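Q: Below: sequence and its predicted model.
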2 protein chains.
Amino acid sequence: MPTVELSQRTRRMRSSAIRDMLRQALQPGMISLAGGNPAPETFPLELMESLTRAVREKHGDRILQYGETEGFPPLQQALARWLSAKGMPCRGEQILVTHGSQNALDLLAKVLLDEGTPIAVESPTYLGALQAMAPFGPRFVPIPSHPEGLDLGVLESAFRQGVRLAYLLPTFQNPSGRELSLANRRGIATLAQTYGALLIEDDPYAELRYEGERLPTLKALAPEQVVYLGSLSKVFAPGLRLGFCLAPEWLRVWLAKAKQGTDLHTCSLSQALAAEFLDSGRLEARLPGNIEAYRRRRDALVQALGSRLPEGFSFERPRGGMFLWLRGPRGFDATTALAGALSRGVAYVPGEHFHVDPHDATHFLRLNFTMSTPEDLEEAVGRLVPCLAP
Amino acid sequence: MPTVELSQRTRRMRSSAIRDMLRQALQPGMISLAGGNPAPETFPLELMESLTRAVREKHGDRILQYGETEGFPPLQQALARWLSAKGMPCRGEQILVTHGSQNALDLLAKVLLDEGTPIAVESPTYLGALQAMAPFGPRFVPIPSHPEGLDLGVLESAFRQGVRLAYLLPTFQNPSGRELSLANRRGIATLAQTYGALLIEDDPYAELRYEGERLPTLKALAPEQVVYLGSLSKVFAPGLRLGFCLAPEWLRVWLAKAKQGTDLHTCSLSQALAAEFLDSGRLEARLPGNIEAYRRRRDALVQALGSRLPEGFSFERPRGGMFLWLRGPRGFDATTALAGALSRGVAYVPGEHFHVDPHDATHFLRLNFTMSTPEDLEEAVGRLVPCLAP
């Protein structure tokens, strides 16, 4: 056997507790609120052959050939129109298409993080972002996040101490479901401008809004300070691995260079299919129905929890996204309680996995509501409630 | 504008001269021998709709949903059968499907390379591998490679001095087209076993053989010492971004963990299409015709060069792959000559781009023969010859 040493980087790699748990959650009869998958009923499965025919007729062998690192131009253009309509005016050539948002996070980590580079992250934050960045050895600076928003005092203090990067998921955050208020967004944007900081705005859930008005993105408020990450995983199909990134020009060129060495370019066929899906108006035609289905599921979970939650447990009703963040009383340990829940046939993700310091959130549970029917969500809550004892 | 510093890593990133050059080579009338693309006529474009229908009927929404990091099981199984038939017995769960081989190179770099980690590479070697690894700051140890094979004395001396990694492209190498002899392969395998080294065997061109008998891979000769990288880019479609990796178990688990943070998983639809393409026998049905077309192109280039090359220029006839490596006399500078060639309407890649030390190969030219018809290859040589003056 080779006597090869692994890199220092591997010591910082963590496996996703969620993906490991999802395997366990595959047992028959289990209702899993652990995943983060869109409902397969929302996929345009029945359109795939006609989309394929359309892109073959339109683009010919380009759908199967090597392509540009930056992206398939028709998709870049479709995405630029999409973003421009949402308050982020841009041109196609400014868009970098990525192999899912995870790919963009890896590229950003490569280009921005040295060992010890400080980066502010919300607490809690998206596990996959920590997984992408941690191997590069940055120093995570947790910024407390409450239902009302990010703690601007702590963020400013971090910036004052030299932090120049922040990773944020302002809209329907994974895991907490919370949406930063407009005032909070303005405050963050102003701080970034004042201190010359770069904000990584991860925004995969923006379209999945069940109530309220769309708020401007950080990118819209402070274009030069923000690299914006979008995704087609929640509105088209996650298996196609399509994300995109709108960065300030000085950063875009480095991300493209990094992507060339990382994976050359994103799948040409996926990109062509997505361009067709957007350009033909099918995304906009299907989205309202999908949102409505998700809203019913959210409502079912909220209602079931509201009527049965034991004392000491509480939550904010998520206005969008895929998750509900259930807070237990101090002393309740969601990780310990998971074994009992699994044995009763319900799975969730314990809160500790979403924190830089796992001890911060042992009393939280992340519950997904997009993958289960309203009936199953009600049944799941019935199974869950007996496990919610401090 | 943010006052953000880029990582040290970015100082080591190089852009691909080839991809930059390809843009220039898009001028009308240009015959480009610079690319490394398969001929689009070899793509199963007309099958894409029926393949899509087949995978939809067989797998349903799995083709659009998030999938396992390790790969889509039907493709893992098809690839395991494929590799087993080629002298590398394995099971599906041992295969890691990657977003092209470039993705595998990035994962290997992440898992194996610290700053200063020595890694032996052939001289010349594949530019994309240098691009993937260089940002992580390894110390490249060039091993001279001749038409007869790798210099085993230099390789052993490197191993003796503590090098424990080597990146090799034994079969129809990019850029040199040469195939390591069986004796040379045996010598490398034995050295790796003796010194406990890990060999990265990159093998995208193995199927494109125009003469001679298939030789055993390094993986077949020393399974425990070798991580084998394969690709469907040259036998199915490069735009689908499908590579695969057969690693010793201790390494496979780390590569999968690294992939989770890097891009979650490879495109589900691409993987399902490839599984269907392999399982239905279409790959084996189409391959002989594609090989025959490439053989005619190789022959046309070899013949045109053979009859018109000026004194001091020479080459080995490639037995397979996509490239011919043209050696000029010392004093000839392929980089300088390129401007003249482009102005005459022919593009190639100067040899310096394939070396750790660019000064080693200024008198070489890499000529691709898969993307041009025999007639165009003859015309290209006619344009090229006047530029070949020392």
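A: Thanks, I have it.

Q: Distance-wise, check A:Val349 relative to chain B.
A: According to C-beta to the nearest C-beta, to the nearest Å, A:Val349 stands 15 Å off from chain B. The C-beta positions use only the backbone N, C-alpha and C, and glycine is treated the same way.

Q: What is the burial count for the nearest residue to A:Trp254 once chain neighbours are set aside?
A: Nearest residue to A:Trp254, sequence neighbours excluded (C-beta to C-beta, 6 or more residues apart in numbering or on different chains): A:Val111, at 4.7 Å. A:Val111 is flanked by 23 other residues according to other C-beta atoms under 10 Å in any protein chain shown.

Q: Over to A:Arg296?
A: 15.

Q: give me every residue that touches it.
A: A:Pro374 (C-beta atoms under 8 Å, 6 or more residues apart in numbering or on different chains).

Q: so which strand or helix has it?
A: helix A:282-308 (DSSP states H and E).

Q: sorry, back to before: does the residue nearest to A:Trp254 touch B:Arg11 like I think?
A: No: with contacts defined as C-beta atoms under 8 Å, A:Val111 does not count as touching B:Arg11, sitting 11.1 Å away.

Q: Can you give me the pLDDT of the residue nearest to A:Trp254?
A: As predicted, A:Val111 sits at a pLDDT of 97.

Q: Report the angle between the helix or strand harbouring it and helix B:100-112.
A: Counting by DSSP H and E, the element that carries A:Val111 is helix A:100-112. Orientation check (axes from the mean of the first three to the mean of the last three C-alpha atoms, to 10 degrees): helix A:100-112 against helix B:100-112 gives 50 degrees.

Q: For the residue sitting nearest the centre point of chain A, report the pLDDT, please.
A: With distances taken as C-alpha atoms, centre = their mean, A:Pro204 lies nearest the centre of chain A, 5.1 Å away. Per-residue pLDDT puts A:Pro204 at 97.

Q: Just checking, which helix or strand of chain A averages the lowest pLDDT?
A: Across the helices and strands of chain A, mean pLDDT, DSSP states H and E gives its lowest value to helix A:17-24, namely a mean of 66.

Q: Show me where chain A has its helices.
A: A:17-24, A:48-59, A:73-84, A:100-112, A:127-133, A:152-160, A:182-195, A:218-221, A:249-263, A:268-279, A:282-308, A:334-343, A:374-384 (DSSP state H).

Q: give the contact list for the closest residue to chain B within the stretch 101-250 of chain A.
A: Proximity of the stretch 101-250 of chain A to chain B (C-beta to the nearest C-beta) peaks at A:Gly239, 3.1 Å away. By C-beta under 8 Å, 6+ apart, A:Gly239 lies in contact with B:62-67, B:267-269.

Q: And it, how far from A:Glu211?
A: Here the criterion is C-beta to C-beta, to the nearest Å. By it, A:Gly239 lies 29 Å from A:Glu211.

Q: Next: A:Val253.
A: 40 Å.

Q: A:Lys110 now?
A: 38 Å.

Q: Which one's more surrounded, those two?
A: A direct count of neighbours by other C-beta under 10 Å for A:Lys110 and A:Glu211 places A:Lys110 higher, at 28 against 10.

Q: residue contacts, that one?
A: A:136, A:258, A:262, B:7, B:9-10, B:135.

Q: Now flag whichever of those residues is closest to A:Leu309.
A: A:Phe136 (40.1 Å; C-beta to C-beta).

Q: Pull the number of nearby residues for the residue lying closest to that closest one once chain neighbours are set aside.
A: Closest residue to A:Phe136 apart from its sequence neighbours, by C-beta to C-beta, 6+ apart: A:Leu113 at 4.2 Å. Look at A:Leu113: counted by other C-beta under 10 Å, it has 24 neighbours.

Q: For A:Leu113, give me its contacts.
A: A:119, A:133, A:136-138, A:165, B:7.

Q: Now do the helix holding A:Arg296 against helix A:48-59, angle only.
A: 150 degrees.

Q: Tell me how far helix A:282-308 lies from the chain's centre.
A: Taking C-alpha atoms, centre = their mean, to the nearest Å, one finds the center of helix A:282-308 at 18 Å from the center of the full chain.

Q: Return the residues of the stretch 51-200 of chain A in contact with chain B.
A: A:52-53, A:56, A:60-67, A:69, A:99-100, A:102-103, A:106, A:110-114, A:117, A:128, A:131-132, A:134-136, A:164-165, A:192, A:196-198 (C-beta under 8 Å from any C-beta of the partner chain).

Q: And the stretch 201-350 of chain A, by the same measure?
A: Counting by C-beta under 8 Å from any C-beta, the stretch 201-350 of chain A sits next to chain B at A:224-225, A:233, A:237-241, A:248, A:250, A:254, A:257-258, A:260-270.

Q: Kindly recompute the last result at 7 Å.
A: A:224-225, A:237-241, A:254, A:257-258, A:260-264, A:267-270 (C-beta under 7 Å from any C-beta of the partner chain).

Q: Just the buried ones among the residues you listed, please.
A: In terms of neighbour count (16 or more other C-beta atoms under 10 Å in any protein chain shown), the buried residues within those are A:225, A:237-241, A:254, A:257-258, A:260-264, A:267-270.

Q: quick one, what contacts the residue nearest to A:Trp254?
A: For A:Val111, the contacting residues are A:254-255, A:258, B:6-7, B:10, by C-beta atoms under 7 Å, 6 or more residues apart in numbering or on different chains.

Q: hmm, try it at 10 Å
A: Residues near A:Val111 by C-beta atoms under 10 Å, 6 or more residues apart in numbering or on different chains: A:227, A:247, A:251, A:253-255, A:257-259, B:4, B:6-7, B:9-10, B:13, B:135.

Q: Give me the distance between it and A:Arg295.
A: 38 Å.

Q: Quick check: the residue nearest to A:Phe136 vs B:Leu365, distance?
A: 39 Å.

Q: do the same with A:Tyr294
A: 57 Å.

Q: higher neighbour count, those two?
A: B:Leu365 (28 against 22).

Q: Tell me the strands beside the lengthiest strand in chain A, with direction?
A: Ranked by residue count and defined by DSSP state E, the top strand of chain A is strand A:139-146. Sheet pairing for strand A:139-146, assigned by DSSP bridges, gives strand A:118-123 (parallel), strand A:149-150 (antiparallel).

Q: who are the neighbours in contact with A:Thr98?
A: A:71, A:104-108, A:229-231, A:241-245, A:255, A:259, A:262-263, A:265-266, B:263.

Q: now swap in A:Glu379 and tell me
A: A:Glu379 makes contacts with A:31, A:304, A:345-346, A:372-373, as judged by C-beta under 10 Å, 6+ apart.

Q: Could you report the pLDDT at A:Arg14?
A: For A:Arg14, the pLDDT comes out at 78.

Q: Kindly apply the preceding question to A:Glu70 instead.
A: Reported pLDDT at A:Glu70 in the predicted model: 97.

Q: Could you report the neighbour count for it?
A: A:Glu70, neighbours per other C-beta under 10 Å, totals 21.

Q: Quick one: residues contacting it.
A: With C-beta under 10 Å, 6+ apart, A:Glu70 has these contacts: A:76, A:92-97, A:252-253, A:255-256, A:259-260, A:265-266.

Q: swap in A:Val97?
A: Applying C-beta under 10 Å, 6+ apart, the residues near A:Val97 are A:67-73, A:75-76, A:79, A:103-104, A:232, A:242-245, A:259, A:265-267, A:270-271, A:274-275.
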